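Engineer: Predicted model and sequence below, questions to follow.
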Amino acid sequence: MRVGAWLTATSIQPRNLHITHSWGGGTSRWTEDFCRFDPYSENFVFESLTFAECYGLSYRLTEGRTLRVVREWTLQRPIAEVVVSHNEYAALLDRVVEDLGINHLYVSSVIGHSLDAYALDLPITVVYHDYFPFCPALNVYFGAICETCRRDELARCLRENPFSRIFRRHDEAYWIEVREAFFERFERRAAHHVAPTRGVVENLRRLDTRFERFDFSIIPHGVAFAKGNAFGGADDGRSLRMIILGRLDLGKGLETIRRIFDVLRCLADLYFVGSGQGGEAFASRFGVHVTPSYDHAALPEILTSIRPDVALLLSAVPETFSFTLSELWAHNVPVVATQVGSFAERITPELDGFLVGGADEAITDQIVEIDAHRCRLRRVADHLASRNVRDVGAEVDDYYKLQSGFADALERRIESRLASERR
């Protein structure tokens, strides 16, 4: 009997606990989608509530599907960034696991948490949305994608790398201690390690050979949107409609956009959607439309109202996946993206998008060329229209396939509970 049928026949369900932060972004998107579309288990979320200079002051427990807050706690001794061990935190997490009857742990982020989360006596799946806690800069990027990270390099990164500025309360010795403890946690226990793209695993193993001990699974994220068509047609004789979707900051290409803005504006009407403060500098310019934030559920309507001909994704850091790329593809919008991280892995040039080098001239040359030969955009949009969207349900199924004993264990639980009820 399939798992779904068992769950229909009985109210008995296993329970997952998700360890994460409250920063939003792709990590929160993944957690919310997983909880919403998981038909097999009840899901709860244990998240650190982060504040400036103190990422683990308090914690919130919510029901994953309804987002109902179950309870909140404040620590007597807060966690500044991440700690190796913390008795108060460990006791709190143990109590949550016991009170809820948790069967499986998903760790998406330990920002504001203790590495005690990895030591719970539960089946565990570690999801690599970024490179923390190995990398306090989150993105393994310091002027370029990092090839090594020795002690002296880490010390300089903490002093000079703008991407590590949010984690500078401790020196390199502390972060090396965190790294050592991270690997020690998995020396004596089995765990599932999951990355959304192969590049994440390659980056980790290049930086530290101890990651080669981990048996990684690659499970791409799904998206919650149905297939749609927002492509604008890229008609000749008018300006392109170009969208820059998502938060625009240093890592997402803000400085590149600043430098090439005049060229972009000559070729296209520009739509900054969900850009946050990064888009405000362009708001007063003619032909520029800025929407700092939006309700994510309204994205299909927004894209359909704009009908973009092309999107720009000019991240400087190596994205581990990019929900934004998937969402644009789901709406048949061709993308010009920098040839780094998941973009280089996921995009096949001229088939489902366009890749460019990081140099400003290379980016503008590509855009000028596409503008002059818009049939290339139309061909890409036609291909995207013929391709299905990977949904969250397929992703959730892939996670459960990792748990080879899941179905058998659940069946035994159900049979035991039913036998007990008959007695």
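Structural biologist: Structure's in. What do you need? Numbers count the residues shown, from 1 in each chain.

Engineer: Am I right that Phe399 is in contact with Val194?
Structural biologist: Actually, residue 399 is Tyr rather than Phe. Yes. Using Cβ atoms under 8 Å, Tyr399 is in contact with Val194, at 7.2 Å. C-beta here means a position set from N, CA and C on the backbone, and glycine is covered the same way.

Engineer: Are there residues contacting both of those two? Which ones?
Structural biologist: Common neighbours of Tyr399 and Val194, using Cβ atoms under 8 Å, 6 or more residues apart in numbering, are 125, 219.

Engineer: What are the boundaries of the strands in the protein?
Structural biologist: Taking DSSP state E as the criterion, the chain contains strands spanning 15-21, 42-51, 54-63, 69-79, 104-107, 124-127, 192-195, 216-218, 240-245, 268-273, 288-291, 310-313, 335-338, 354-356.

Engineer: Out of these, flag the one nearest Cys157.
Structural biologist: For these, the distance to Cys157 is smallest for strand 54-63, at 18.8 Å, taking Cβ to Cβ.

Engineer: Give me the angle between the closest one and strand 42-51.
Structural biologist: Calculated by axes from the mean of the first three to the mean of the last three Cα atoms, to 10 degrees, strand 54-63 forms an angle of 150 degrees with strand 42-51.

Engineer: where are the low-confidence patches of the stretch 1-150 of the chain?
Structural biologist: Scanning the stretch 1-150 of the chain for pLDDT under 70 picks out 1-12, 52-53.

Engineer: again, only using 90
Structural biologist: 1-13, 23-25, 50-57, 80 (pLDDT under 90).

Engineer: Please apply the same query to the stretch 251-400 of the chain.
Structural biologist: Within the stretch 251-400 of the chain, the stretches with pLDDT under 90 are 280-281, 283-287, 358.

Engineer: quick one, helices of it?
Structural biologist: With DSSP state H, counting those that start in this stretch, the ranges of helices along the stretch 251-400 of the chain come out as 254-267, 299-306, 323-330, 341-346, 360-372, 375-385, 392-401.

Engineer: Point out the most buried one among those helices.
Structural biologist: Per-stretch averages of neighbours, counted by mean count of other Cβ atoms under 10 Å, single out helix 323-330 among the helices of the stretch 251-400 of the chain, with a mean of 23.

Engineer: Counting by contacts, list what it packs against.
Structural biologist: Counting by 3 or more Cβ pairs under 8 Å, 6 or more residues apart in numbering; DSSP states H and E, the packing neighbours recorded for helix 323-330 are helix 25-37, strand 240-245, strand 310-313, strand 335-338, helix 341-346.

Engineer: which other residues reach it?
Structural biologist: Contact with helix 323-330 is made by 26, 29-30, 221-223, 225-228, 243, 245-246, 299, 303, 311, 313, 319, 335, 337, 342-343, 346-347, 352-353, 384, 387, 389-390, as judged by Cβ under 8 Å, 6+ apart.

Engineer: Thank you kindly, that will do.
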